[in-house]
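Colleague: quick one, structure for this:
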Amino acid sequence: MMKKTLLSALLIGSISLTGCSTLSNLIEKPDDQKTVEDFYGSAMEAFEEKQWDVAIENYEKLKAYFPYGSYAEQTYLELAYAYYKYDESESAIRELDEFIRLYPNHPEIAYAYYLRAVSADSITRSWLDKFITDPATRDIKSAIRAYDYYTQLIQRFPSSKYAVAAAERLIVLRNQQARHEIQVAEFYMNKMAYLAAANRAKVVLTDFPRSASTAQALKILVTAYDKLGMKENKTSVEEVYKLNQDKIEFSEKTLEDMKELADKDGGWWNGLMEGLQGIF
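Modeller: Numbering: from 1, shown residues only. Reported below is the predicted structural model:
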């Protein structure tokens, strides 16, 4: 019995002398007692484990308690990325807008512009787009905003490592917007609103040069002009189509094929538009 009592006493003494710090570490501090390192460490640990909600909570608290300094500065970018991964793209864009306003000369400012564009780009995208859905059928405003953000990145930081990826997304978004206009034009065609259909088809040709929807836009114009009794316009469009048929019918080509065609023969579009002058 004495041995057991002595052992218990020794254990209690050990805990009393050396276990205080261990126990204190197990007890969560109140937020108002935490240091900036406490918040950032917890946020980074969650970030690395992809626990985005926990990371967001700690980053937000860090900003609230310590709004200035290098930790707060870095927090904007990491918090924005956490929001993006957590499918809170609007919140990510809000953080990046604020970062760009506060730190226009930051070493990672090009990344901020790129992440803002990617966040806007993600709003109308779905994993089903690879299989059965088309983002062109959704709200086109987010695509337009993403297009503007990518354009701003390229204009401000043309030599950054993000510029190439941004340029590739511009091609995709240009084609997406063109398909949207085609879908609207086809809707008007089905409603026998031929003038409205022709106007939407012309948007494809004027606003989205070298898009994969060029051939479809011309075909809609031919049909719409025929229905409207505008025979001269119909004939002119048909002639332009035939002259450029080998170059404008590339809707089944891959994105890389279209990029290569545009790079090698960028002048063909100007020739096409010159042929269409006066028809619109």
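
Colleague: in the helix or strand hosting Asp148, which residues are buried?
Modeller: Under DSSP states H and E, the secondary-structure element containing Asp148 is helix 141-156. Across helix 141-156, burial judged by 16 or more other Cβ atoms under 10 Å covers 142-143, 145-147, 149-150, 153-154. Bear in mind the C-beta positions are built from the backbone N, C-alpha and C, glycine included.

Colleague: what's next to that helix, contact-wise?
Modeller: 110, 113-114, 116-118, 120-121, 123-124, 135, 160, 162-163, 166-167, 169-170, 173-174, 176-177, 180 (Cβ atoms under 8 Å, 6 or more residues apart in numbering).

Colleague: picking that back up, can I get the buried residues of helix 141-156 in JSON lines with distance to Glu232 and pLDDT?
Modeller: Formatted as JSON lines, the buried residues of helix 141-156 follow (distance: Cβ to Cβ, whole Å; pLDDT from 0 to 100):
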{"residue": "Ser142", "distance to Glu232": "40", "pLDDT": "84"}
{"residue": "Ala143", "distance to Glu232": "35", "pLDDT": "87"}
{"residue": "Arg145", "distance to Glu232": "40", "pLDDT": "93"}
{"residue": "Ala146", "distance to Glu232": "40", "pLDDT": "93"}
{"residue": "Tyr147", "distance to Glu232": "35", "pLDDT": "92"}
{"residue": "Tyr149", "distance to Glu232": "42", "pLDDT": "97"}
{"residue": "Tyr150", "distance to Glu232": "40", "pLDDT": "96"}
{"residue": "Leu153", "distance to Glu232": "44", "pLDDT": "97"}
{"residue": "Ile154", "distance to Glu232": "41", "pLDDT": "96"}
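
Colleague: next, format those residues as TSV and append distance to Lys61.
Modeller: Below are those laid out as TSV (distance: Cβ to Cβ, whole Å):
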residue	distance to Lys61
Ser142	30
Ala143	34
Arg145	30
Ala146	30
Tyr147	35
Tyr149	28
Tyr150	32
Leu153	30
Ile154	36
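
Colleague: with respect to Ala193, which of these is nearest?
Modeller: Ala143 (24.1 Å; Cβ to Cβ).

Colleague: from Ile123, how far off is that closest one?
Modeller: Distance, Ala143 to Ile123, using Cβ to Cβ, to the nearest Å: 9 Å.

Colleague: try Gln33
Modeller: In terms of Cβ to Cβ, Gln33 sits 39 Å off from Ile123.

Colleague: name the residues that touch the helix or strand harbouring Asn199?
Modeller: Element membership of Asn199, judged by DSSP H and E, is helix 194-207. Here helix 194-207 makes contact (Cβ under 8 Å, 6+ apart) with 177-178, 181-182, 184-186, 188-189, 211, 213-214, 216-218, 220-221, 223-225, 227-228, 273, 276, 280.
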